[in-house]
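1. How does the following fold in three dimensions:
(4 chains)
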2 protein chains.
Amino acid sequence: MNYAQARSRAEILKALAHPLRVLLVEALTGGDQCVCELNKLADIDQSGLSRHLALLKRAGVVSDRREGMKVFYHLETPCIMRALECAFEVAKAGVKRNRKLLATG
Amino acid sequence: MNYAQARSRAEILKALAHPLRVLLVEALTGGDQCVCELNKLADIDQSGLSRHLALLKRAGVVSDRREGMKVFYHLETPCIMRALECAFEVAKAGVKRNRKLLATG
DNA sequence: GTACAATATGCGCATAATCGCATATTGTCA
DNA sequence: TGACAATATGCGATTATGCGCATATTGTAC
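-> Just a heads-up that it's a prediction; the model follows:
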């Protein structure tokens, strides 16, 4: 893998590397949702949410479509969630490892 | 999923969300390597590399062990590569999608 | 046309990430 | 002990991110 390839992978990962965006992607695995629904996921200002969604869209992770006044977002890449599952396992393992280190050392 | 869980997942993703760190993780799937070897992967200053490795370690993605003067890094989570593969698919799809948009619009 | 609802964007500020350089630490060998 | 190799850390400068507020856009209904 060359640096250019690594950069494009990193771009995607960066798009996912935010708590709210993780929540958004997870929510969208259950099906498309409009911004007004997604806005209930976390206590965030609407303009911020809109920015996060735009960012995910730019990265190619989601797409959007308009229906009347509402805009629905769609998860283009369910495989991303499998990646997140793995990441979660890593996190748990890491926490355990650190606990062990603290107990031992 | 609550915000705390999302945050811990985002932490892992953030750790991976850098071109050099993507390269490092990929390189380590082939087996443990010392910093001096990893330093050949990209044109980066040694102290920078050390920082990136420390970051991956803090996130629980890699571990290190000392052997004489050298420090070897070990990938704790080969499953991470699936995330990278997925990210790559997303990236490719994104490029295709943009081409189509350019052609259509 | 007005009024309103849903969503997006411009802007300024605060915080975090990254980098390069110098320097410190740790281990080996003579 | 001193000299050197491998790695890590402190610091300052630059750049990128995220946030909240105000405002703009787009669509609907009257």
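
2. so, in contact with chain B or not, stretch A:72-92?
-> Yes. With CB under 8 Å from any CB of the partner chain as the criterion, chain B is reached by stretch A:72-92 at A:76-77, A:79-80, A:82-84, A:86-91. The way it works is simple: take the backbone N, C-alpha and C, and place the C-beta from them, glycine included.

3. Is DNA strand D within reach of that stretch?
-> No. Stretch A:72-92 stays clear of DNA strand D (CB under 7 Å from any atom of the strand), getting no nearer than 12.7 Å.

4. Off-centre distance for that stretch?
-> Mean-position distance between stretch A:72-92 and its chain equals 7 Å (CA atoms, centre = their mean, to the nearest Å).

5. how near is the spatially most central residue of chain A to A:Cys36?
-> The centre of chain A sits closest to A:Val22, judged by CA atoms, centre = their mean, with a distance of 3.0 Å. Note on A:Val22: its distance to A:Cys36, by CB to CB, to the nearest Å, is 20 Å.

6. Pull up the residues of chain A that are close to DNA strand D.
-> By CB under 7 Å from any atom of the strand, the part of chain A that sits against DNA strand D consists of A:14, A:17-18, A:20, A:44-45, A:47-48, A:51-52, A:55, A:66, A:68-69.

7. pLDDT-wise, what's the bottom of these?
-> Least confident entry in the residues of chain A next to DNA strand D, by pLDDT: A:Ile44, with 89.

8. Surely that one is within a strand?
-> No. Under DSSP: H, G, I helix; E, B strand; the rest coil, A:Ile44 sits outside any strand and is assigned coil.

9. Could you report the neighbour count for the residue lying closest to it once chain neighbours are set aside?
-> The shortest distance from A:Ile44 to any non-neighbouring residue, by CB to CB, 6 or more residues apart in numbering or on different chains, is to A:Leu20 (6.4 Å). Using other CB atoms under 10 Å in any protein chain shown, A:Leu20 is surrounded by 19 other residues.

10. So A:Leu20: helix, strand or coil?
-> Of the three states, A:Leu20 takes helix according to three-state DSSP.

11. That one: what's it in contact with?
-> A:Leu20 sits next to A:Leu41, A:Ala42, A:Ile44, A:Gly48, A:Leu49, A:His52, B:Tyr3, B:Ala6 when contact means CB atoms under 8 Å, 6 or more residues apart in numbering or on different chains.
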